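Visitor: dropping the sequence and predicted coords here.
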Amino acid sequence: MKNEKICVIGCGNLGKSIAKGLLEHEDFNSENVIATRRKLKLIEDLKPHGAEITSDNLYAVRNSNIILVAVKPYNVDKIINEIKPEIIEDKHILVSLATGLGTNEISEMLDDKIPVFRAMPNIAADIGESVTCICGKNSSVEHTQKVKSIFDAIGESLIINEELMEAATILGACGIAFVFRFIRAMIQGGIQIGFDANTANQIVSQTVKGAAKMLQENSNHPESEIDKVTTPKGCTIVGLNEMEHQGFSSSLIRGIVTSFEKIEK
Ligand SMILES: NC(=O)C1=CN([C@@H]2O[C@H](COP(=O)(O)OP(=O)(O)OC[C@H]3O[C@@H](n4cnc5c(N)ncnc54)[C@H](OP(=O)(O)O)[C@@H]3O)[C@@H](O)[C@H]2O)C=CC1
Ligand SMILES: O=C(O)[C@@H]1CCC=N1
């Protein structure tokens, strides 16, 4: 991927995380990354990492072959119309990160001239720990592999059917916010039972990391790991059961479904 020239159009919360993740990765040449937004000051910190920054989207597209569009969904139309004159068949691949916009719609805006992908990462791209679901249109195996390589560099990626893209948005992209809220609640509980906030944060963050790593490495069901912790008549099971009486799993599931219903509207 050293020779691939990548531009990230719209380096806000997500786009900047992705640019940062790519700049840190050895498979990419940081000089080949162009980051854009209008308020340039807010991405000046990407410059010392080797990225070129600009507000000129046309320049960015002219000087790259993979275009990541990271603007809000309601701005995608405008951006695509702006960059369209610089789009060259057999040169460019466009990857949209926008929620809820299908590859058909985006490809149509580009007169079906180039391969179009949708990718749904999350903000852990910032530290190379995103999970990204990807789907494509007019895409060869070679193009798909190229796009996958970008998102593998900022975490893990999966190729999925486009019909699951909304579900992927909820579980992976919104999901990180759900996990942060869970962590915050654990920290608040930790403070109530005696820890200062920083120590509680350290203990909870490492506990969550350890749990996630165990599931990734052992491929066990979470409940079989829980069985290893719950001593009969012990303190874990009473806590877990109280959480369930208060609707813990139910509230998470209902939150996920509510988010999904919102995105499907
Ligand atoms: N945030 C998240 O966790 C996730 C977001 N997404 C999707 O990613 C996209 C971006 O979301 P998010 O990062 O939260 O949004 P942000 O608003 O933080 O980022 C979008 C950026 O686009 C820039 N922008 C707007 N117009 C232009 C333009 N004409 N030229 C160049 N840059 C422009 C804005 O900066 P400026 O005003 O300086 O130009 C802004 O910072 C959305 O489509 C969202 O659905 C997907 C997964 C997760
Ligand atoms: O909340 C949102 O609408 C976007 C989609 C995924 C993450 N943030």
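Guide: The structure has been received and is ready for your questions. Predicted model only: the values in this text are computed from it and were never measured. Residues are numbered from 1 along each chain as shown. Ligands and ions are numbered 1, 2, ... in the order given.

Visitor: and L23, how many neighbours?
Guide: By other Cβ atoms under 10 Å, 18 other residues sit near L23. Just so you know, the C-beta spots here come from the backbone N, C-alpha and C atoms, and that holds for glycine as well.

Visitor: mind giving me the domain split of this structure?
Guide: 6-159, 168-264 (automatic domain parsing).

Visitor: T132 touches F151, doesn't it?
Guide: Yes. Applying Cβ atoms under 8 Å as the test, T132 and F151 come out as touching, 3.8 Å apart.

Visitor: which residues are in contact with both of these two?
Guide: Residues within reach of T132 and of F151 at once, by Cβ atoms under 8 Å, 6 or more residues apart in numbering, are A119, P121, S157.

Visitor: neighbour-wise, which of the residues you listed leads?
Guide: Neighbour counts for those (other Cβ under 10 Å) peak at P121, which has 28 neighbours.

Visitor: contact partners for it?
Guide: L14, S17, I18, L97, S130, V131, T132, F151, I154, G155, G172, A173.

Visitor: repeat that for S96.
Guide: S96 neighbours (Cβ under 8 Å, 6+ apart): V69, V76, T103, I106, V116, F117, R118, A119.

Visitor: residues near the closest residue to ligand 1 within the chain, how many?
Guide: Scanning the chain for the residue nearest ligand 1 gives G12, at 1.8 Å (criterion: Cβ to the nearest ligand atom). Using other Cβ under 10 Å, G12 is surrounded by 14 other residues.

Visitor: next helix or strand past the longest strand anywhere in the chain?
Guide: Assignment by DSSP state E gives strand 130-137 as the longest strand of the chain. Later in the chain than strand 130-137, the nearest helix or strand by DSSP states H and E is helix 141-152.

Visitor: is that next one up against ligand 1 anywhere?
Guide: No. Judged by Cβ under 6 Å from any ligand atom, helix 141-152 makes no contact with ligand 1; its nearest approach is 11.8 Å.

Visitor: where does K16 fall, secondary structure wise?
Guide: Using DSSP H and E, K16 maps to helix 13-24.

Visitor: what does K113 give?
Guide: Here K113 is assigned to no helix or strand, by DSSP H and E.

Visitor: the closest residue to it other than its chain neighbours: what secondary structure?
Guide: Excluding its sequence neighbours, the residue lying closest to K113 (Cβ to Cβ, 6 or more residues apart in numbering) is E89, at 5.0 Å. Following DSSP: H, G, I helix; E, B strand; the rest coil, we place E89 in the coil state.

Visitor: I figured E89 hits D111, correct?
Guide: No. Counting by Cβ under 8 Å, E89 stays clear of D111, with 9.6 Å between them.

Visitor: how many residues are close by the residue in the chain that ligand 2 sits nearest to?
Guide: Per Cβ to the nearest ligand atom, A173 is where the chain lies closest to ligand 2, at 3.7 Å. For A173, the neighbour count with other Cβ under 10 Å is 22.

Visitor: how about the secondary structure of it?
Guide: Following three-state DSSP, we place A173 in the helix state.

Visitor: list the contacts for the nearest residue to it once chain neighbours are set aside?
Guide: Spatially, and ignoring its direct neighbours in sequence, A173 is nearest to N122 (4.8 Å; Cβ to Cβ, 6+ apart). N122 makes contacts with S130, V131, T132, G172, A173, G175, I176, as judged by Cβ under 8 Å, 6+ apart.
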